[in-house]
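# What would the 3D arrangement of this be:
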Amino acid sequence: MKEILTNIAKLPELRARVVFTLGILAVYRLCVFVTTPGVDIQVMREVMQGGGGLLGLANMFSGGAIEQMSVIALGIMPYVSASIIIQLLAVVVPSLEKLQKEGEQGRKKINQYTRYGTVVLALIQGMGIAYYLENLGTQYAGLVADPGWKFRLLTVLALTTGTAFLMWLGEQITESGIGNGISMIIFAGIVSSLPAGLKSVADVYSRGELTPISLVLLAGTIVLVVAAIVFFERAQRRIPVQYAKRVSGRKVYAGSTSFLPLKLNMAGVIPPIFASSILIFPVTLAGYFPDSEIALAIQSALSSQDWRYLVIYVLLIIFFAFFYTAVTFNPVDVADNLNRQHSFVPGIRPGKKTAEYIDYVMTRITLVGALYISAVCVLPALMATKFPVAFAYGGTSLLIVVSVGLETVQQIEGHMLGKQYEGIAERGSRIRDRVSGDETGA
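Reported below is the predicted structural model:
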């Protein structure tokens, strides 16, 4: 880590990217404290202390913006939901599938559709939040200053604008900063809640509700979970690849052996983020019908402590792990590329058989990866039965923080490696120019 920080300070371009990313994240954190008009913050904090229902479910990914009832209270979840919908439609809509294969231009068009979808979903979820706040106002006096359509429309406008601005910030990080912008924003939101989580543990311990042994077990469990996440995120299944002899002119290049690395968790943090986003959406719709028994049943079933929520959550994680891997990794294309490079998997016939073998291996390791993600994400609910602590920084949040941290470090190392290669190429060019000048002088 010390070497990475030293190299960041030495490389102007990399340093500029890191500073830019930190600046954008600082703007994001400042936006958390811009309150939606017509909402009393003090009363809202009382609501969150009581659990908050839907608002408590979304608070982790918004970095505490729900507690402040900020203009970015919806967080980046509408964008994530829109991305899910677009990717699902790309499987069944030929025009979208064609756009995905058109390279950079197709990607830009799909991103444009995703932005439109984000705005639509933010409008729907914003209206759900407005109705939800008005219903909470009947239990918490003074929460909403002036209930009615004026408050609803103003809330929808503020929340939709905040989400659009947050989406733009994420795109700026992706283009000009370090790491994936959306992941970095979620990462910053979770990390910002870490001090409050540590304080809650200290308060519980000071009241005698948490024994020293339990505290040691809690800390040890967190360390083990972090170690397991690092291990599984770096785990690979390497398929041996043999390159055939090649003849180029009068030269004969001997065959060589290499590996095709397949990550155990190729989907990364996408499955739990997608699953959480999907589970938030029906609860938002249920907020429109506070007196409906069906709506109340949905809200009860999707409570984070309910076994039905955990089962649905795990199934969604497994589904999105396979879905995202299938979207981003095509065994047929990999097999075709190997065939064009005159390479093959030992013992497997090139072409269709190679694609089938890669797909078989990918399916097995994706299942293991999906089960690993599920185990980490349901950990808070399981441990809450053993320890009287709110695990805001456990399970899903730990997975996101560690995974995004590893990905960011890898990108930084990639930039440094690229600069080293550029330096070597420049020195080689200068040496060639010098040798060429000497020969000309001679």
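# For the helix or strand containing G369, buried residues please.
In the assignment (DSSP states H and E), G369 maps to helix 352-377. Buried residues in helix 352-377, defined by neighbour count with 16 or more other C-beta atoms under 10 Å: 354-355, 357-359, 361-362, 365-366, 369-370, 372-377. Glycine gets a C-beta too; all of them are placed from N, C-alpha and C.
# Likewise for stretch 85-105?
Here stretch 85-105 shows I85, I86, Q87, A90, L96, L99, Q100 as buried, counting by 16+ other C-beta under 10 Å.
# now those in TSV, with secondary structure and distance to V401?
TSV is the format used below for the buried residues of stretch 85-105 (DSSP: H, G, I helix; E, B strand; the rest coil; distance: C-beta to C-beta, whole Å):
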residue	secondary structure	distance to V401
I85	helix	27
I86	helix	27
Q87	helix	24
A90	helix	30
L96	helix	33
L99	helix	33
Q100	helix	30
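# Before we move on, what's the pLDDT of the closest residue to L399 other than its chain neighbours?
What sits nearest to L399 in space, not counting adjacent residues and going by C-beta to C-beta, 6 or more residues apart in numbering, is V376, at 5.0 Å. pLDDT recorded at V376 is 86.
# what residues are up against V376?
Applying C-beta atoms under 8 Å, 6 or more residues apart in numbering to V376 gives the contacts V225, A228, I229, G395, T396, L398, L399.
# quick one: which of those has the most company?
Among the contacts of V376, the one with the most neighbours (other C-beta atoms under 10 Å) is L399, at 28 neighbours.
# any idea what that residue is structurally, helix, strand or coil?
Under DSSP: H, G, I helix; E, B strand; the rest coil, L399 falls in the helix class.
# my guess is it meets P272, correct?
Yes - taking contacts as C-beta atoms under 8 Å, L399 lies within contact range of P272: 6.4 Å.
# what's the overlap in contacts for these two?
By C-beta under 8 Å, 6+ apart, the residues touching both L399 and P272 are I373, C377.
# tell me which element R45 falls in.
According to DSSP H and E, R45 maps onto helix 41-49.
# Give me the buried stretch members for that helix, please.
V43, M44, V47, M48.
# Nearest to P212 among those residues?
Nearest to P212 among those, counting by C-beta to C-beta, is M48 at 29.4 Å.
# Name the nearest residue to the closest one, sequence neighbours excluded.
Leaving out its chain neighbours, the residue that sits closest to M48 by C-beta to C-beta, 6+ apart is E67, at 4.7 Å.
# What about P282, how many residues nearby?
Other residues near P282 come to 14 when the count uses other C-beta under 10 Å.
# Contact partners for it?
The neighbours of P282, taking C-beta under 8 Å, 6+ apart as the test, are I298, L302.
# how about JSON lines for the buried residues of helix 41-49, with pLDDT added?
Below are these laid out as JSON lines (pLDDT from 0 to 100):
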{"residue": "V43", "pLDDT": "82"}
{"residue": "M44", "pLDDT": "81"}
{"residue": "V47", "pLDDT": "75"}
{"residue": "M48", "pLDDT": "74"}
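# picking up where we left off before, tell me which entries of the contacts of V376 lie within helices.
With helices taken from DSSP state H, the overlap with those comprises V225, A228, I229, T396, L398, L399.
# Pick out the most distant pair among the residues you listed.
Distance extremes for those: the farthest pair is A228 and T396 at 14.1 Å, using C-beta to C-beta.
# mind listing what's buried in stretch 226-240?
Buried-residue list, stretch 226-240, by 16+ other C-beta under 10 Å: A228, I229, F232, E233, I239.
# how near is the first one to L398?
Just to be clear, that refers to A228. 10 Å (C-beta to C-beta, to the nearest Å).
# again, but for the fourth one
E233 sits 12 Å away from L398, going by C-beta to C-beta.
# what helix or strand does the closest residue in space to Y205 that isn't next to it in sequence sit in?
Of all residues not flanking Y205 in the chain, L215 sits nearest, at 5.9 Å (C-beta to C-beta, 6+ apart). Element membership for L215 (DSSP H and E) is helix 212-234.
# Which other helices and strands does the helix or strand that that helix is followed by contact?
As assigned by DSSP H and E, the chain's next helix or strand after helix 212-234 is strand 236-243. If you count contacts as 3 or more C-beta pairs under 8 Å, 6 or more residues apart in numbering; DSSP states H and E, strand 236-243 packs onto strand 256-263, strand 343-344, helix 352-377.
# quick one: which of the ones you listed is nearest I318?
Across those, I318 has its closest neighbour in helix 352-377 (4.3 Å, C-beta to C-beta).
# chain center to the closest one: distance?
Taking C-alpha atoms, centre = their mean, to the nearest Å, the mean C-alpha location of helix 352-377 is offset from the chain mean by 20 Å.
# mind putting the buried residues of helix 41-49 in CSV, distance to A202 included?
Formatted as CSV, the buried residues of helix 41-49 follow (distance: C-beta to C-beta, whole Å):
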residue, distance to A202
V43, 26
M44, 24
V47, 24
M48, 19
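# how much space between E171 and A275?
23 Å.
# quick one, which of those two is more surrounded?
Here E171 and A275 are compared on neighbour count by other C-beta under 10 Å; more neighbours surround A275, at 25 against 15.
# Show the average pLDDT along the helix or strand Q410 falls within.
Assigned by DSSP H and E, Q410 belongs to helix 396-441. The pLDDT scores in helix 396-441 average 69.
# now do stretch 128-141
Here stretch 128-141 scores 79 as its mean pLDDT.
# So which bits of that stretch are buried?
Buried residues in stretch 128-141 (16+ other C-beta under 10 Å): G128, I129, A130, Y131, Y132, L133, E134, N135, L136, G137.
# Low-confidence bits of the stretch 51-200 of the chain, can you list those?
For the stretch 51-200 of the chain, applying pLDDT under 70 flags the ranges 51-61.
# Compare the helices and strands packed on strand 236-243 and give me the one nearest R29.
Nearest of the helices and strands packed on strand 236-243 (C-beta to C-beta): helix 352-377, 25.2 Å.
# Pull up the gap between the closest residue to A141 other than its chain neighbours and L143, please.
Computed as C-beta to C-beta, 6+ apart, the closest residue to A141 that is not its neighbour in sequence is V43, at 7.7 Å. Distance from V43 to L143, counting by C-beta to C-beta: 4 Å.
# gap between stretch 349-365 and the chain center?
Distance, centroid of stretch 349-365 to centroid of chain: 28 Å (C-alpha atoms, centre = their mean).
# Other residues contacting it?
237, 239, 260, 262-264, 266, 322, 325, 329, 331-332, 334-335, 338-339, 344-345, 348.
# Count the neighbours of the closest residue to F329 other than its chain neighbours for me.
Closest residue to F329 apart from its sequence neighbours, by C-beta to C-beta, 6+ apart: M266 at 6.1 Å. As a burial measure, M266 scores 18 neighbours (other C-beta under 10 Å).
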